[in-house]
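Engineer: model this:
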Amino acid sequence: MELFINLVLFFMLVATAIAILRMRHLFAVVMLSGVFSLLSALLFVALDAVDVAFTEAAVGAGISTVLLLGTMALTARNEKMPREFSIVPLLVVMATGAVLIYGTLDMPSFGSPTSPAQTHLAEKFLTQSPSEVGIPNVVSAILASYRGYDTLGETVVVFTACIGVLMLIGSFARRRRKNDGGAE
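Structural biologist: Just a heads-up that it's a prediction; the model follows:
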């Protein structure tokens, strides 16, 4: 059943990505991008990566969607079609994809019991976390202590994005009032 859910979510991600590529109306692209982020968050939850899912939902679906909608308010509503086809972007994307795939060839299989995380770290975390950290919940101990800098970094990214969005919305509102003839 778990494999079925993962496959359904993955195929929904692929279908959403293809729909985004085919759209020319930018509002639909922004909304589908938010849907893509929510589907990604659901897939992360299904893969037991709740912290990553939370960050994806907050930044990907929430803040990015608001930021893109704000950008759309300042730009055109429809995509301008290029005058001629250029092969260079396609080659760059294909080369980047090939390098990324090559980089993953040495990785252990997903869920492999012989991966370094399972053979070296899992037993240590499960047995020593409560005494080392003083937190009985192993997941909380890992996020708050062992991965503290990473979690702090994720929090700083979300906070910075929120501040940036608020600044953009504020400057847009001031500019609109100024253009409408109202005083600040």
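Engineer: which residues touch the residue positioned nearest the centre of the chain?
Structural biologist: The central residue of the chain, meaning the one whose C-alpha is nearest the mean C-alpha position (Cα atoms, centre = their mean), is residue 56 at 4.0 Å. Listed by Cβ atoms under 8 Å, 6 or more residues apart in numbering, the contact partners of residue 56 are 37, 40, 41, 44. For the C-beta atoms, the positions are set from N, CA and C on the backbone; glycine is no exception.
Engineer: Nearest residue to it in space, ignoring adjacent ones along the chain?
Structural biologist: Computed as Cβ to Cβ, 6 or more residues apart in numbering, the closest residue to residue 56 that is not its neighbour in sequence is residue 41, at 4.4 Å.
Engineer: Just give me the neighbour total for that neighbour.
Structural biologist: Taking other Cβ atoms under 10 Å as the criterion, the count of residues near residue 41 is 23.
Engineer: Against which helices or strands is the helix or strand harbouring residue 35 packed?
Structural biologist: Mapping residue 35 onto the secondary structure by DSSP states H and E places it in helix 26-46. For helix 26-46, the contact count by 3 or more Cβ pairs under 8 Å, 6 or more residues apart in numbering; DSSP states H and E identifies helix 2-22, helix 50-55, helix 64-74 as packing neighbours.
Engineer: just checking, what packs against the last one?
Structural biologist: Here helix 64-74 is seen to pack against helix 26-46, helix 148-179 when contacts are counted using 3+ Cβ pairs under 8 Å, 6+ apart.
Engineer: Looking at those, spot the one closest to residue 85.
Structural biologist: helix 26-46 (20.0 Å; Cβ to Cβ).
Engineer: The closest one relative to helix 2-22, how many degrees between them?
Structural biologist: If you take axes from the mean of the first three to the mean of the last three Cα atoms, to 10 degrees, helix 26-46 sits at 160 degrees to helix 2-22.
Engineer: Next, the buried residues of helix 26-46.
Structural biologist: Along helix 26-46, the positions that meet the burial threshold by neighbour count (16 or more other Cβ atoms under 10 Å) are 26, 29-46.
Engineer: can you check stretch 126-141 too?
Structural biologist: Within stretch 126-141, the residues that count as buried by 16+ other Cβ under 10 Å are 129, 133, 138, 141.
Engineer: which outside residues touch that stretch?
Structural biologist: Stretch 126-141 is contacted by residues 50, 125, 142, 144, 145, 146 when judged by Cβ under 8 Å, 6+ apart.
Engineer: try it again with 10 Å
Structural biologist: Counting contacts by Cβ atoms under 10 Å, 6 or more residues apart in numbering, the residues outside stretch 126-141 that touch it are 48, 50, 51, 122, 124, 125, 142, 143, 144, 145, 146, 147.
Engineer: who touches residue 152 in this structure?
Structural biologist: When contacts are counted by Cβ under 10 Å, 6+ apart, residue 152 is found next to residue 144.
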